[in-house]
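**Q** below is the sequence, then the predicted model.
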Amino acid sequence: MSDGAPIVRLSGVTRSFEQGGVRIDVLKGIELEIGPGQIVALLGPSGSGKSTLLQAVGLLEGGFGGRIEIGGVDAAAEDAAGRTRLRRDHLGFVYQFHHLLPDFTALENVLLPQLIAGRSRADATARAEELLTALGLGHRLTHRPSQLSGGEQQRVAVARALANRPDLVLADEPTGNLDEATANVVLEQFVQLVRGEGSAALIATHNERLAFAMDRVYRLHDGKLT
Ligand SMILES: Nc1ncnc2c1ncn2[C@@H]1O[C@H](COP(=O)(O)OP(=O)(O)OP(=O)(O)O)[C@@H](O)[C@H]1O
């Protein structure tokens with residue numbers, strides 16, 4: 001990817017669903033560019049389409065109209081293997097629920113995506129330890145998800161998303177299942193770490209205060225970004 005080129009470019013992106021014979025137009029022409037290192041907040045009421053928009057960028061589902069480019073590549077021109085490659089080479093994901101593997105320790109959960117990407121075990125372990133320590137979990141490396149609090153589980157998920165140094169982290173209400181005080185701490189740590197890593201991020205959140213500390217804030221309203 002050339003320097004300064006956007007990591008993501010959406011133009012005229014649309015998505016509709018059929019519900020009980022009724023057609024709902026959720027995205028009605030989304031225009032969005034995110035450049036290297038930009039941290040972008042996505043606000044919008046429940047049902048406005050934030051998750052749907054993140055799914056478009058994450059190339060996890062089809063059914064979208066318009067053009068979605070990741071790293072300058074038109075996703076529609078790629079087959080399933082090509083889209084998987086785009087995801088693997090450019091994107092990291094954090095969800096509302098941690099989706100950690102329950103039988104593996106915190107360290108192993110952060111190790112696995114790196115081993116799959118071909119990194120040596122020694123390098124992957126060092127990277128996992130670095131990220132978990134930066135998130136204040138240096139003393140929790142050998143704990144399984146069930147032995148961690150909700151906030152700690154979510155921080156492990158953040159470390160996992162950043163492990164392969166993605167150009168862009170997609171986060172769908174990453175602290176949505178935490179109590180407010182914990183959510184504030186974890187979201188702030190997440191943004192700080194992403195900034196330190198130089199990654200870009202698109203973060204759907206209800207937290208307006210933290211959203212306005214990010215580089216750009218978009219609101220999803222009536223299927224469009226403002
Ligand atoms: N697979 C689907 N089939 C039918 N309708 C869907 C589907 N996915 C989403 N929708 C509809 O699209 C609209 C937007 O949903 P979406 O989950 O993107 O909103 P959201 O802004 O992320 O909401 P929340 O903040 O509650 O997570 C909703 O009306 C939802 O019912």
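**A** Thanks, I have it.

**Q** would stretch 97-106 count as contacting the ligand?
**A** No - against the ligand, stretch 97-106 shows no contacts by CB under 6 Å from any ligand atom, the least distance being 12.0 Å. For the C-beta atoms, the positions are set from N, CA and C on the backbone; glycine is no exception.

**Q** distance from that stretch to the middle of the chain?
**A** Counting by CA atoms, centre = their mean, to the nearest Å, stretch 97-106 is centred 17 Å from the centre of its parent chain.

**Q** endpoints of it, how far apart?
**A** 15 Å (CA to CA, to the nearest Å).

**Q** other SSEs contacting the worst-scoring helix or strand of the chain on mean pLDDT?
**A** When each helix and strand of the chain is scored by mean pLDDT, DSSP states H and E, helix 208-211 comes last, with a mean of 88. For helix 208-211, the elements it packs on are strand 39-43, helix 180-197, judged by 3 or more CB pairs under 8 Å, 6 or more residues apart in numbering; DSSP states H and E.

**Q** downstream of it, the next helix or strand is which one?
**A** Proceeding N to C from helix 208-211, the next assigned helix or strand is strand 216-221, under DSSP states H and E.

**Q** average model confidence for the next helix or strand after that following strand?
**A** On the C-terminal side of strand 216-221, the closest following helix or strand by DSSP H and E is strand 224-225. The average of the pLDDT scores along strand 224-225 is 96.

**Q** which other helices and strands contact strand 224-225?
**A** strand 22-34.

**Q** mean confidence score for the strand it packs on?
**A** On average, strand 22-34 scores 96.

**Q** stretch 127-137 too?
**A** 96.

**Q** re earlier: could the helices and strands packed on helix 208-211 go into TSV alongside mean neighbour count, mean pLDDT and distance to residue 61?
**A** Supplementary listing: these in TSV, determined by neighbours: other CB atoms under 10 Å; pLDDT from 0 to 100; distance: least, CB to CB, whole Å:
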stretch	mean neighbour count	mean pLDDT	distance to residue 61
strand 39-43	22	97	17
helix 180-197	17	92	24
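
**Q** distance to the ligand added to the ones you listed, as CSV?
**A** Formatted as CSV, the helices and strands packed on helix 208-211 follow (distance: least, CB to the nearest ligand atom, whole Å):
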stretch, distance to the ligand
strand 39-43, 9
helix 180-197, 14
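
**Q** what segments of the protein are strands?
**A** 8-19, 22-34, 39-43, 65-70, 73-74, 91-94, 168-172, 200-204, 216-221, 224-225 (DSSP state E).

**Q** against residue 94, how distant is residue 7?
**A** 16 Å (CB to CB, to the nearest Å).

**Q** repeat that for residue 159.
**A** From residue 159 to residue 94 the distance is 10 Å (CB to CB).

**Q** what about the residue nearest to residue 12 when sequence neighbours are not counted, how many neighbours?
**A** Leaving aside its chain neighbours, residue 12 sits nearest to residue 66 (3.7 Å; criterion: CB to CB, 6 or more residues apart in numbering). Residue 66: 16 surrounding residues under other CB atoms under 10 Å.

**Q** so residue 171 sits against residue 199, correct?
**A** No - Residue 171 lies out of contact with residue 199 (CB atoms under 8 Å); the separation is 11.0 Å.

**Q** more neighbours: those two, which one.
**A** residue 171 (27 against 22).

**Q** from residue 47, how far off is the more buried one?
**A** When residue 171 is compared with residue 47 (using CB to CB), they lie 19 Å apart.

**Q** and the nearest residue to residue 59 once chain neighbours are set aside, how far from residue 191?
**A** In space, and not counting its chain neighbours, residue 59 is closest to residue 83: 4.6 Å by CB to CB, 6+ apart. Noted for residue 83: a distance of 27 Å to residue 191, by CB to CB.
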